[in-house]
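one predicted model, sequence on top.
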Amino acid sequence: MKETVHTRTKILILIALGLILAAVALAGRFLAHPETSRGGALSFSALEERNPGAAGQKPKVAAIEWKAPGSFDTKKKLDDYFSSAKASGFTDIYIRIDDALDFKSIRDRNEERKKDEFDASLRDFVSEASEYGIRVEGLGGAPEWILPKNLDDVEYLIDYVAAYNAAADSDQKLGGMVFDIEPQALDDFDSDSGQQELLSDFVEMIDESARHIRSAAPDLTLGFTVPFWFDGATRDIPNVPYAGSSAPTVFQAIRALSQTAHGEILVMAYRNKSSGHNGAIELSSDEINFANNYAPNVRILVGIAANKTSPSSITFYGKKQRDVQSDAENIVSALGASPSFGGLFIHDFESYEDLKK
């Protein structure tokens, strides 16, 4: 009887020790990530810490900013903007700079003065970002830029960034250029023949842009937004010829970008869920797998929309920041180990900041 009591005592002691160890581990987790213990939303910075990515590369968390740099015309506006961006954990901002196209042909001193003012506003924006440890890339584009006659607009912006960087201090330099073209918005895309031609023009434009940046500014990142269905998996679209092969548009775009040292495809996998059928992870996995195998220097970013749009299933508008961050963590956890996974981009900064915490 005494032996039985002694055995039961040992068991109870072991159970108590197990409970103590579990409590210590849980407390350590809360200390490392206090926002979890409060039941609050995870910041993107916490997401990065937990998911270092392939080869130790932290995933980028970028925000699209549709306002021009001149919109932030006071020190306070810049401080407020980047204070919020840093607090949310954004690592990169894509700032719209296609107003620089106004200076393709400077005809008088007034236009020269306007260009100087634009350059100065961009320097102020990037310099302030540098103080917060945030990287900035230029952003521009419109559907009609897909037309071959407008290719010079794309090349001009690349040249503009290269010239701007050459004259800028180290903390004022742009990291690259992202183009949001979206040829699917053109009326001609609705016909089979028009679709084929526009998709071919899109890949050709990426090829020409990659060649141009390779010679004009090889250190810059070159990125293009692409809807997830350009991979042909969920929508019947024609294959596109490129470099002796015929394949869905996004894969040919990745091939074309592989000519650059730093290429990015921003997959607009806009869904308000990350997992399961038709979730953001499923919709962007083929692009990441293709880049892993055929274009290791091209990184794939997965898009999350927070702006007001329809249908409601493609955006987090009306939800909370913690919902976005939860899905972001799922995406990075699922895809972060892939060498070609580059991180996330949020469409857009203001819409995300307007979401309730």
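Structure received. These numbers come from a predicted model, not from an experiment.

what strand or helix carries Tyr270?
Per DSSP states H and E: Tyr270 is located in neither a helix nor a strand.

ok, it to Asn239 distance?
24 Å (Cβ to Cβ, to the nearest Å). C-beta: built from backbone N, CA, C; applies to glycine.

which of those two has more neighbours?
Tyr270 (21 against 16; other Cβ atoms under 10 Å).

gap between that one and Ser246?
Applying Cβ to Cβ to Tyr270 and Ser246 gives a distance of 28 Å.

is it true that Val267 lies in a strand?
Yes - per DSSP: H, G, I helix; E, B strand; the rest coil, Val267 lies within a strand segment.

how many neighbours does the residue nearest to it when sequence neighbours are not counted have?
Using Cβ to Cβ, 6 or more residues apart in numbering and skipping the chain neighbours, the partner closest in space to Val267 is Ser284 (4.6 Å). By the criterion of other Cβ under 10 Å, Ser284 has 27 neighbours.

what packs against the helix or strand where Ser284 lies?
Using DSSP H and E, Ser284 sits in helix 280-294. In this structure, helix 280-294 makes packing contacts with helix 249-257, strand 263-268, strand 298-305, helix 321-335, judged by 3 or more Cβ pairs under 8 Å, 6 or more residues apart in numbering; DSSP states H and E.

ok, which of the ones you listed comes nearest Ser127?
strand 263-268 (23.4 Å; Cβ to Cβ).

and Ile206, how far is that from Ser191?
Counting by Cβ to Cβ - Ile206 and Ser191 are separated by 22 Å.

more neighbours: which of those two?
Ile206 (28 against 11).

I'd say that one and Phe251 touch.
No - if you go by Cβ atoms under 8 Å, Ile206 and Phe251 don't touch, sitting 11.7 Å apart.

please enumerate the strands of the protein.
Along the chain, counting by DSSP state E, strands occupy 60-65, 92-96, 135-140, 176-179, 221-227, 240-242, 245-247, 263-268, 298-305, 341-347.

touching, Asp99 and Ala68? I think so.
Yes - counting by Cβ under 8 Å, Asp99 does reach Ala68; the two are 5.3 Å apart.

so what's the residue nearest to Val267 up against?
Each residue near Ser284 by Cβ atoms under 8 Å, 6 or more residues apart in numbering is listed here: 228, 267, 269, 300, 302, 335.

most neighbours out of these, which is it?
Among those, Val302 has more neighbours than the rest - 31 neighbours, counting by other Cβ under 10 Å.

just to revisit the earlier point, state the mean pLDDT of the helix holding Ser284.
Helix 280-294 carries an average pLDDT of 97.

what comes up buried for it?
The neighbour-count check on helix 280-294 (16 or more other Cβ atoms under 10 Å) flags 280-288, 290-292 as buried.

okay, the angle between that helix and strand 298-305?
170 degrees (axes from the mean of the first three to the mean of the last three Cα atoms, to 10 degrees).

just the endpoints, please. Distance across stretch 93-102?
Using Cα to Cα, to the nearest Å, the end-to-end distance of stretch 93-102 comes to 22 Å.

pLDDT of that stretch, averaged?
97.

other residues contacting that stretch?
Taking Cβ under 8 Å, 6+ apart as the rule, stretch 93-102 contacts 62-70, 85, 111, 114-115, 118, 122, 125, 129, 134-142, 153, 156-157, 160-161, 178, 345, 349.

can you rerun that using 7 Å?
For stretch 93-102, the external contacting residues (Cβ atoms under 7 Å, 6 or more residues apart in numbering) are 62-69, 85, 118, 122, 125, 129, 134, 136-141, 153, 156-157, 160, 178, 349.
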